[in-house]
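Participant: what would the 3D arrangement of this be:
(one chain, ligands or ions: 1)
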Amino acid sequence: MQLWDAIVIGAGCAGLTLVNELINRGGGRVRVLLLEERNEYTNDRTWGFWNTLNHRFENAVSYRWPSWSVHYAGEVTHCRGSYQYQYLRAEHFYKLALAPVSSSSKITLKLGEHVQTVQEEEDLVRIQTHQGTHVGRYVIDTRPIDQQNRNAKYPDVHWLQHFLGWKVKTEHACFQSKQVTLMDFKGGEDAAEVLGVSDKETDGALPGIPFIYVLPFSSTEALVEITWFGPKVLAKSVYREQLQRYLQRKEAGKYEIIEQEYGVLPMSTLPTTTQPTRRIRRLGLAGGAARPSTGYAFLAIQRQAQRLADQLLKGDWENFPDYYSTQSRLLDATFLRVLQENPKRGPELFWRLFRYANPDALVRFLADTASLKDLWEIATCLPSGIFLKQSLFPNFLQKKEMETTQIQGI
Ligand SMILES: Cc1cc2nc3c(=O)[nH]c(=O)nc-3n(C[C@H](O)[C@H](O)[C@H](O)COP(=O)(O)OP(=O)(O)OC[C@H]3O[C@@H](n4cnc5c(N)ncnc54)[C@H](O)[C@@H]3O)c2cc1C
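Facilitator: You can find the predicted model right below:
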């Protein structure tokens, strides 16, 4: 039986990006086996992100927008800086990422291999799939962690970004094709009505912060998503009704749903370890790639893969770096605690950031490349009182469970 230098479990975004970075560097002597449970690749997601980093999949980007807007309390903030917002379809990513893998002599991809057990021994790791047994010196595991059932003890916050997106073709022209709608809190305002809870019953507290996100491809075609930042997922009918109401309000007329995507991403301060044992490493969302304050992960996965490929080719398997700096983690933890304690103020806080911060500084902050000057600029846009309280005294504050009504999980 062949002993692989590394076995990567999961050939999704993180697994494929890492092997592409290795191949691009010549691959050295590292022989990698990629085990993927799916039999074929489909357009199972789309990625939106700012181009703060040169990445290997630039040629697969299908749309770029120079500006974005945030809608709150009847006001619209338009933002434009030196970065663009990019849109990458998974089908294009997979095509570009799989091509070099199929012609590489060092990387072997096996599809239809559902990993059942991972057993660590003294000098190797043994993996059992439906198809057979594989052994490697190291295992890089990208299988998802069950985000919905992780319990957080205060001061940790474990929220989720959960969303349903429809790519629609509408009868009437209703989208502004040159600008992304990053957050439209108006689109979330009818959430209490959709959930069938009255303000009186809930003291106005919703199970999180809902908003609409729109990536427009023309005046009649767009990806429209209802997104929630909150502690738990909702029934699918809630997302659907919110999307229907939004399209009605936009006077879209009749519309056809061409594609849809659903996702649940962690917005969490819970620790995720990249090195759970001596020979197992975690990568991608499983290794903490999702930015705690936003759920964005694509660029962090690219950046991490670039660093790791350099490192692994030098034979360093011991130090899998964290995805985010300590500074970012601390700031995100404070921000998430503030949101958890003051969910009703969430829309206003996001709006203030986009309204008052320099767009480039804010984008760099979201991409974890902010300078001290950027951070200062961002801090001055936020109300200092609640942030100081949370950053200085998180352990002394009682965790106030958000009042939520009984919400049906999926
Ligand atoms: C619908 C959706 C939209 C998103 N949009 C954005 C966005 O706009 N911007 C952004 O920055 N991030 C976004 N993300 C978050 C993140 O970038 C993606 O989830 C990304 O794909 C994470 O990469 P990954 O490798 O960790 O996980 P995945 O890409 O999901 O890869 C994990 C792989 O493991 C395989 N696998 C699972 N279990 C097994 C098993 N037992 N055996 C073998 N293989 C297994 C899976 O089939 C999969 O291929 C989105 C996520 C989703 C779900």
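
Participant: how much space between the nearest residue in space to residue 112 that is not next to it in sequence and residue 46?
Facilitator: Leaving aside its sequence neighbours, residue 112 sits nearest to residue 39 (C-beta to C-beta, 6 or more residues apart in numbering; 4.7 Å). Where you see a C-beta, it was placed from the backbone N, CA and C, and this is true even at glycine. Counting by C-beta to C-beta, to the nearest Å, the separation of residue 39 from residue 46 is 21 Å.

Participant: what about the residue of the stretch 1-150 of the chain found nearest the ligand, neighbour count?
Facilitator: The nearest approach of the stretch 1-150 of the chain to the ligand comes at residue 12, 1.9 Å away (C-beta to the nearest ligand atom). Neighbours of residue 12 under the rule other C-beta atoms under 10 Å: 23.

Participant: just residue 151 next, same as before
Facilitator: Residue 151 - counted by other C-beta under 10 Å - has 7 other residues nearby.

Participant: can you check the one 4 residues further on too?
Facilitator: The number of residues packed around residue 155, counting by other C-beta under 10 Å, is 18.

Participant: unless I'm mixing things up, residue 296 is touching residue 366, no?
Facilitator: Yes: assessed by C-beta atoms under 8 Å, residue 296 is found in contact with residue 366 at 6.7 Å.

Participant: now residue 75, which residues is it bridged with?
Facilitator: residue 72 (DSSP bridges).

Participant: confidence score at it?
Facilitator: pLDDT for residue 75: 92.

Participant: could you number the chain from 36 rather than 1 from now on?
Facilitator: All set: I'll call the first residue 36, so the last point we hit is now residue 110.

Participant: that one and residue 243: what is the separation?
Facilitator: 22 Å.

Participant: do residue 285 as well
Facilitator: Distance from residue 285 to residue 243, by C-beta to C-beta: 23 Å.

Participant: quick one on the thing from earlier: more neighbours: which of residue 110 and residue 243?
Facilitator: residue 243 (27 against 10).

Participant: the residue of the stretch 36-185 of the chain closest to the ligand reaches residue 318, doesn't it?
Facilitator: No: the criterion here is C-beta under 8 Å, and residue 47 misses it with residue 318 at 9.9 Å.

Participant: number of nearby residues for residue 294?
Facilitator: Residue 294, neighbours per other C-beta under 10 Å, totals 12.

Participant: sec struct for it, please.
Facilitator: strand (DSSP: H, G, I helix; E, B strand; the rest coil).

Participant: and the host helix or strand of residue 367, how far out from the chain's middle?
Facilitator: For residue 367, the element it lies in under DSSP states H and E is helix 361-376. What separates the centre of helix 361-376 from the centre of its chain is 16 Å, taken as C-alpha atoms, centre = their mean, to the nearest Å.

Participant: and what of stretch 348-358?
Facilitator: With C-alpha atoms, centre = their mean, you get 23 Å for stretch 348-358.

Participant: so residue 41 bridges to which residues?
Facilitator: residue 67, residue 173.

Participant: now do the SS call for residue 208.
Facilitator: From three-state DSSP, the assignment for residue 208 is coil.

Participant: check residue 89 too.
Facilitator: From three-state DSSP, the assignment for residue 89 is coil.

Participant: for it, give me phi and psi.
Facilitator: The phi and psi values for residue 89, taken as degrees, to the nearest 10, are phi -80, psi 120.

Participant: how far away is the spatially closest residue to the residue of the stretch 36-185 of the chain closest to the ligand that is not a sequence neighbour from residue 325?
Facilitator: In space, residue 47 comes closest to residue 177 once its chain neighbours are excluded; the distance is 6.2 Å by C-beta to C-beta, 6+ apart. Residue 177 sits 13 Å away from residue 325, going by C-beta to C-beta.

Participant: over to residue 401?
Facilitator: Distance, residue 401 to residue 325, by C-beta to C-beta: 12 Å.

Participant: in terms of neighbours, single out the busier of those two.
Facilitator: Neighbour tally, residue 401 and residue 325, criterion other C-beta under 10 Å: the higher count belongs to residue 325, 25 against 21.

Participant: tell me which residues touch that one, please.
Facilitator: 196, 300-303, 331-332, 335 (C-beta atoms under 8 Å, 6 or more residues apart in numbering).

Participant: give me the element the closest residue to residue 355 other than its chain neighbours is part of.
Facilitator: In space, and not counting its chain neighbours, residue 355 is closest to residue 309: 4.1 Å by C-beta to C-beta, 6+ apart. Residue 309 is part of no helix or strand, with elements assigned from DSSP H and E.

Participant: repeat that for residue 79.
Facilitator: When elements are assigned from DSSP H and E, residue 79 belongs to no helix and no strand.

Participant: burial count for it?
Facilitator: Residue 79 has 13 neighbours, counted by other C-beta under 10 Å.

Participant: ok, now which ones touch the residue lying closest to residue 396 once chain neighbours are set aside?
Facilitator: In this structure, residue 396 finds its nearest non-sequential neighbour in residue 409, 3.8 Å apart by C-beta to C-beta, 6+ apart. Neighbouring residues of residue 409 by C-beta under 8 Å, 6+ apart: 393, 395-397, 399-400.

Participant: same question for residue 259.
Facilitator: 200-203, 247-249, 278, 281-282.

Participant: what's the closest of those residues to residue 413?
Facilitator: residue 248 (21.0 Å; C-beta to C-beta).

Participant: quick check: phi and psi on that closest one?
Facilitator: Dihedral angles for residue 248 - degrees, to the nearest 10 - are phi -120, psi 130.

Participant: residue 135 contacts residue 58, correct?
Facilitator: Yes: using C-beta under 8 Å, residue 135 is in contact with residue 58, at 4.8 Å.

Participant: quick one: which of those two has more around it?
Facilitator: residue 58 (20 against 17).

Participant: pretty sure the more buried one is in a helix, no?
Facilitator: Yes: counting by three-state DSSP, residue 58 falls inside a helix.

Participant: for the residue nearest to residue 396, phi and psi?
Facilitator: According to degrees, to the nearest 10, residue 409 has phi -60, psi -50.
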